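Colleague: Sequence isn't available, so here's the structure alone:
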């Protein structure tokens, strides 16, 4: 059984169809990428899967359970966690505080427990601190551990975004344009990082523009255009697909290195 | 060599600082609880000013908590009014003891806060500020047109003073009518403020405080890591309203009357100002703000018609030159830093 199933998902904003009858399945342990020109509905699709937006129709099924209309924080609790396109972090906290706060859904103590600093709350805090340190180590953020997040060099922001998501112990991690605005070396580093996360048993969904990285990293690719599915297949299938080349890659395929 | 020396100095400095904070806190408490009330025992006016400043601080602490979730709350006056009317109605119409009315007023205000909050906390920024401002006015009008139940424009008067509170025949709190009423209210206000500060301090330094801080910085991101954003922001708002209700109950019983314009939009704005001017980054911010500004305002009585003018100019100056509040001066911190500067 697939880990994540998207069935006939549709989202309309008034007369505009942002996502039109999209269906696919993501297998456990896969790196599944969604590509498409600007405005193709990629980010909307991400928001629909993580319940940040409600679909007009269709269903999202995760581990056999319909998660379509659950609140976003409940979906996160089930193990579907997203990162954000922009550098969305808790700016007025240090790196390690960012990651500790993000451990929230693992906490067992109640609000009153937090208030009275119950033994359970203390144990939670201890665990979160240790887990945050290990996440920071895995993602190579040790050098900036105690930096205020708003002062971080640009290259680290996206890693911090991923670290925050990792703290929520995702089963499926949805990364929104993790490589955008990066130079080739930085991209290589993040590609390795994403593979590392996958090797820890976390299924990855990506929205990305960087073709070179996408073709290298993805197991399968879904191509969207004007909200509709154009093609779905392995990187080599996508590269030779006529509809994709026409709709998306156009005549500039040489420039894009495909 | 020098780094080692610096390290040891800092190592010794840290516990020293904790001790000195404790000493400062102890001195504050002694002055607040013993020196001030005994020194001013005969001057009712000054005692009443400090009492009022204490309860205004208490109410502002709640507003400060809504700042920590990133909301500018200009609706605290409404909840002070709700708490005040709860106490007035319960004690005059149902004969309930003040010591039951007080927590009940807080709870009623808190529950009302939950009901309103579920809806209005979806709004952010200037929209939330505007709707809470309207809420203050709406609640005032509500009480104004409440008929016999709320007493209309003249409100409710002849509210009894707090009676004796005893347990198993032992008097815990004496009947306010049989002791020096001003001193009694002074201590009631002081106890409320100390407890109120302790609770808010504890909230803001526990995990709850971190969750609130995360909401302030990015609700979407908080939601993405599984934080129930709606629940926590309503929780913060309800606690804020609880503080408002308790404060309102206090003023009602100390004035022995209440009417709809006791707490208006201007009061709601003042609660915000106390927080701003004291410093939003500090738990003690609203207290410093309320005490300095309220006492300053009273001192400016001398200047008669220029009182408002001078007061406004002073407030503008603080906002201009101390945008992070009075506490950002932080004299003790500066003192410690200057001692640590090497040669």
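Modeller: Structure's in. What do you need? Everything numeric in this text was worked out from a predicted model, so none of it was measured.
Colleague: Just the pLDDT at the closest residue in space to residue A:53 that isn't next to it in sequence, thanks.
Modeller: Of all residues not flanking residue A:53 in the chain, residue A:47 sits nearest, at 4.2 Å (Cβ to Cβ, 6 or more residues apart in numbering or on different chains). C-betas here are computed from N, CA, C, even on glycine. pLDDT for residue A:47: 93.
Colleague: what sits against residue 112?
Modeller: I'll assume chain A. By Cβ atoms under 8 Å, 6 or more residues apart in numbering or on different chains, residue A:112 lies in contact with residue A:118.
Colleague: that's the wrong chain, I wanted chain B
Modeller: By Cβ under 8 Å, 6+ apart, the neighbours of residue B:112 are B:79, B:82, B:241.
Colleague: tell me which of the residues you listed is nearest to chain A?
Modeller: Closest approach between the contacts of residue B:112 and chain A, by Cβ to the nearest Cβ: residue B:241, at 16.6 Å.
Colleague: wait, what's in contact with that closest one?
Modeller: B:62, B:76, B:79, B:82, B:109-110, B:112-114, B:117.
Colleague: cool, and residue A:84?
Modeller: When the contact criterion is Cβ under 8 Å, 6+ apart, the partners of residue A:84 are A:161, A:176, B:220-221, B:224.
Colleague: So it belongs to a helix, correct?
Modeller: No: Residue A:84 is assigned coil when assessed by DSSP: H, G, I helix; E, B strand; the rest coil, not a helix.
Colleague: Residue A:25: helix or strand, and which one exactly?
Modeller: strand A:16-26 (DSSP states H and E).
Colleague: After that strand, which helix or strand is next?
Modeller: With DSSP H and E, the next secondary element past strand A:16-26 is strand A:31-35.
Colleague: Neighbouring strands of that next one in the sheet, and parallel or not?
Modeller: Strand pairing for strand A:31-35, determined by DSSP bridges: strand A:203-207 (parallel), strand A:220-225 (parallel).
Colleague: That strand vs strand A:16-26, what angle?
Modeller: 160 degrees (axes from the mean of the first three to the mean of the last three Cα atoms, to 10 degrees).
Colleague: How about strand A:31-35, which residues are buried there?
Modeller: A:31-35 (16 or more other Cβ atoms under 10 Å in any protein chain shown).
Colleague: now do stretch B:44-62
Modeller: Those would be B:47-62, for stretch B:44-62 by 16+ other Cβ under 10 Å.
Colleague: Repeat that for stretch A:227-235.
Modeller: Here stretch A:227-235 shows A:227-232, A:235 as buried, counting by 16+ other Cβ under 10 Å.
Colleague: Closest one of those residues to chain B?
Modeller: residue A:227 (22.5 Å).
Colleague: what's that closest one sitting at in phi/psi?
Modeller: Note on residue A:227: backbone dihedrals following degrees, to the nearest 10 are phi 80, psi -10.
Colleague: Next up, phi/psi of the closest residue to residue B:37 other than its chain neighbours, please.
Modeller: Nearest non-adjacent residue to residue B:37, counting by Cβ to Cβ, 6+ apart: residue B:186, 5.4 Å away. Here is the backbone geometry of residue B:186 (degrees, to the nearest 10): phi -60, psi -50.
Colleague: what do you get for residue A:230?
Modeller: phi -100, psi -40.
Colleague: Look up the pLDDT of it for me, please.
Modeller: Residue-level pLDDT assigned to residue A:230 equals 88.
Colleague: pretty sure it contacts residue A:224?
Modeller: Yes: assessed by Cβ atoms under 8 Å, residue A:230 is found in contact with residue A:224 at 6.6 Å.
Colleague: Name the residues contacting each of those two.
Modeller: residue A:36.
Colleague: Contacts only, for residue A:87.
Modeller: Contacts of residue A:87 (Cβ under 8 Å, 6+ apart): A:154, A:157-158, A:161.
Colleague: Spell out which residues of chain A are next to chain B.
Modeller: A:50, A:52, A:71-74, A:76-77, A:81-84, A:88-93, A:97, A:100-105, A:107, A:109, A:111, A:114-115, A:117, A:121, A:124-125, A:164-165, A:167-168 (Cβ under 8 Å from any Cβ of the partner chain).
Colleague: Looking at those, which are in helices?
Modeller: Among the residues of chain A next to chain B, the ones falling in helices (DSSP state H) are A:72-74, A:76-77, A:97, A:100-101, A:111, A:114-115, A:121, A:124-125, A:164-165, A:167.
Colleague: So which bits of chain B are right by chain A?
Modeller: Looking at chain A, the residues of chain B close enough under Cβ under 8 Å from any Cβ are B:202-203, B:206-208, B:210-211, B:213-214, B:216-218, B:220-230, B:235.
Colleague: now these: which count as buried?
Modeller: Buried subset of these (neighbour count, 16+ other Cβ under 10 Å): B:202-203, B:206-208, B:210-211, B:213-214, B:216-218, B:221-230, B:235.
Colleague: Perfect, that will be all.
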